[in-house]
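Trainee: Next one to model:
(one chain, ligands or ions: 1)
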Amino acid sequence: MPLMRSWIASANRPDTDFPLNNLPCGVFSRDGGEPRCGVAIGDMILDVTGMEDVGLLHLADDPVLDVPFWNEVMDLGPDAWTRLRILLLGFLGEGSEVKSQVERFLSPQAGATMYLPFLVSEYTDFYAGRHHAFNVGSMFRDPANALPPNWLHIPIGYNGRASSVVVSGTDVRRPLGQLRPPGSEAPVFGPSQRFDFELEMGAVVGRPSQGMVSVAEADAMIFGYVLLNDWSARDIQAWEYQPLGPFQSKATATTISPWIVTRAALESFRCAGPDRDVPLLPYLREPRPMLYDIALEVALAPEGKAETVISRTNYREMYYSAAQQLAHHTTSGCPMNVGDLLGSGTISGPDKGNRGSLLELSWGGKEPVTLDGGETRSFLADGDTVVMRGACQGDGYRIGFGSCTGRLLPSLPVPDWAR
Ligand code: MN
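Mentor: As a prediction, the model looks like this:
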């Protein structure tokens with residue numbers, strides 16, 4: 001698929017994240033106004049709430065864009081998602097006949113405030129990156145048996161907290177928690193000393209499940225994808241995780257990028273996952289490729305300093321796709337709903353420079369990462385900003401996700417009664 005040209009010049013530049021081929025969905029406000037739904041195009045935002053309000057954009061009998069989230073559009077189903085995309089291509093494509101009517105609904109992305117693009121119904125985080133699972137298993141258990149016996153058969157996950165999901169740009173506070181300092185037998189209560197990020201993709205579920213769904217049906221239920229940072233307190237995690245898995249270590253915050261890149265926009269970048277060591281059970285088999293070729297990077301910027309890119313990897317490294325995870329999720333009878341968010345699991349690649357967390361990059365703190373300017377990091381320091389970016393590279397254009405950023409604030413003091 002070549003670049004689709006727009007009459008908005010910035011959308012035709014090869015380095016924009018948001019050419020006409022992309023058309024991601026977000027929620028924004030300007031000048032203290034009410035948050036509204038928008039679509040990114042080049043360096044502008046199209047105010048689709050405003051367009052629906054004046055009757056230029058019609059998706060359903062009742063308004064669906066008069067609320068500051070995209071759940072009602074998702075609720076209309078895939079035919080409406082396709083219709084919206086076709087309408088937007090008509091409005092914004094080169095030679096548009098309604099350019100003069102559409103123009104007044106455009107405003108610059110610069111200076112806009114972004115919000116969570118959808119109401120997060122529930123949040124599940126998976127552990128589906130093989131290199132990540134191998135690295136973590138090697139560090140915490142044994143390199144000879146790094147993968148748990150179930151890992152090649154089942155997409156492992158845990159139920160997270162929807163309330164902890166925040167939009168890119170939101171500050172994150174270093175958590176307090178119960179942890180066991182190195183060399184100590186007894187736990188203490190205090191600030192996490194090993195606070196970390198995890199580079200992930202988030203899949204946004206746009207349709208409710210009716211009973212158990214196949215992988216193909218699950219794929220069709222996914223509205224789109226965002227970048228996701230699963231902030232993780234490694235010391236709290238190491239102490240709490242057995243036998244029920246992560247709990248408080250993952251509940252501080254999960255940051256997502258502000259633009260949902262739709263499945264339709266990613267279609268040309270579909271690719272197969274890795275070869276399977278053992279065949280999957282039939283209910284998890286993929287009838288066609290279900291991953292995407294999305295180049296990803298993580299940068300770290302100490303307070304007031306320039307950033308250093310510390311990891312580069314790709315979403316195609318995942319062993320399980322979001323469609324497989326969603327299909328697996330429904331096997332229990334667990335209802336999946338519009339607005340459910342599925343974290344992919346940390347996306348690491350085969351080499352050291354492809355690792356998607358500081359835990360892996362610094363190998364548990366043994367090999368600190370050196371930043372430009374000479375500072376080193378084993379885990380995050382107060383004031384650090386973590387920036388994640390991702391894009392599919394097309395021929396002369398890219399389908400980008402924008403960025404997923406968060407700055408780490410110092411922990412609050414331990415209250416006197418908790419000492
Ligand atoms: Mn995670």
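Trainee: How much space separates the closest residue to Arg36 other than its chain neighbours from the ion?
Mentor: In space, Arg36 comes closest to Thr49 once its chain neighbours are excluded; the distance is 3.8 Å by CB to CB, 6 or more residues apart in numbering. In this view, the C-beta of every residue, glycine as well, is placed from N, C-alpha and C. From Thr49 across to the ion, the span is 33 Å (CB to the ion, to the nearest Å).
Trainee: now the helix or strand harbouring Thr49: how far from the chain's centre is it?
Mentor: Per DSSP states H and E: Thr49 is located in helix 48-53. Distance of helix 48-53 from its chain centroid, counting by CA atoms, centre = their mean, to the nearest Å, is 27 Å.
Trainee: name the helices or strands packed onto it?
Mentor: strand 36-41 (3 or more CB pairs under 8 Å, 6 or more residues apart in numbering; DSSP states H and E).
Trainee: pLDDT on the strand it packs on, on average?
Mentor: When pLDDT is averaged over strand 36-41, the result is 98.
Trainee: and the chain, what are its domains?
Mentor: Domains of the chain are assigned by automatic domain parsing as 9-115, 123-418.
Trainee: about what we covered before: measure how far the helix or strand that the helix holding Thr49 is followed by is from the centre of its chain, please.
Mentor: Where DSSP H and E defines the elements, the next helix or strand beyond helix 48-53 is helix 71-76. Chain-centre distance of helix 71-76: 20 Å, with CA atoms, centre = their mean.
Trainee: Stretch 258-273 now?
Mentor: For stretch 258-273, the distance to the chain centre is 12 Å (CA atoms, centre = their mean).
Trainee: Same question for stretch 158-173.
Mentor: For stretch 158-173 - counting by CA atoms, centre = their mean - the centre lies 11 Å from the chain centre.
Trainee: so does that stretch get close to the ion?
Mentor: No - using CB under 5 Å from the ion, we find that stretch 158-173 stays clear of the ion, coming within 8.4 Å at best.
Trainee: List the buried residues for that stretch?
Mentor: Buried residues in stretch 158-173, counting neighbours by 16 or more other CB atoms under 10 Å, are found at Tyr158, Gly160, Arg161, Ala162, Ser164, Val165, Val166, Val167, Ser168, Gly169, Val172.
Trainee: what does stretch 21-34 give?
Mentor: Asn21, Asn22, Leu23, Pro24, Cys25, Gly26, Val27, Phe28, Arg30.
Trainee: Quote the end-to-end distance of that stretch.
Mentor: Length of stretch 21-34, first residue to last, CA to CA, to the nearest Å: 28 Å.
Trainee: Mind telling me which residue of the stretch 201-350 of the chain is nearest the ion?
Mentor: Asp230 (3.5 Å; CB to the ion).
Trainee: Confirm for me that that residue is in contact with Glu200.
Mentor: Yes - proximity of Asp230 to Glu200 meets the contact threshold set by CB atoms under 8 Å, at 5.5 Å.
Trainee: Show me which residues of the stretch 151-300 of the chain are close to the ion?
Mentor: Counting by CB under 5 Å from the ion, the stretch 151-300 of the chain sits next to the ion at Glu198, Asp230.
Trainee: Please enumerate the helices of the stretch 151-300 of the chain.
Mentor: 215-221, 234-240, 263-266 (DSSP state H, counting those that start in this stretch).
Trainee: Between those helices, which one is closest to Pro368.
Mentor: helix 234-240 (14.3 Å; CB to CB).
Trainee: which strand in the protein runs the most residues?
Mentor: In the chain, taking DSSP state E as the definition, the longest strand is strand 398-409.
Trainee: ok so, going back, quick one: the helices of the stretch 151-300 of the chain as TSV, columns for mean neighbour count and mean pLDDT too.
Mentor: Converted to TSV, the helices of the stretch 151-300 of the chain look like this (neighbours: other CB atoms under 10 Å; pLDDT from 0 to 100):
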stretch	mean neighbour count	mean pLDDT
helix 215-221	20	98
helix 234-240	21	96
helix 263-266	21	98
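Trainee: Distance to Asp142 for the ones you listed - can I get that in TSV?
Mentor: Output for the helices of the stretch 151-300 of the chain, formatted as TSV (distance: least, CB to CB, whole Å):
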stretch	distance to Asp142
helix 215-221	32
helix 234-240	16
helix 263-266	37
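Trainee: among those helices, which is nearest Asn354?
Mentor: Per CB to CB, nearest to Asn354 of these: helix 234-240, 19.3 Å.
Trainee: ranges for the helices of the stretch 301-419 of the chain?
Mentor: So, for the stretch 301-419 of the chain - with DSSP H, counting those that start in this stretch - the helices run 322-330, 358-361.
Trainee: tell me the contacts of Pro2?
Mentor: The contact partners of Pro2, taken as CB atoms under 8 Å, 6 or more residues apart in numbering, are Gly394, Asp395, Gly396, Tyr397.
Trainee: All good on my end, thank you.
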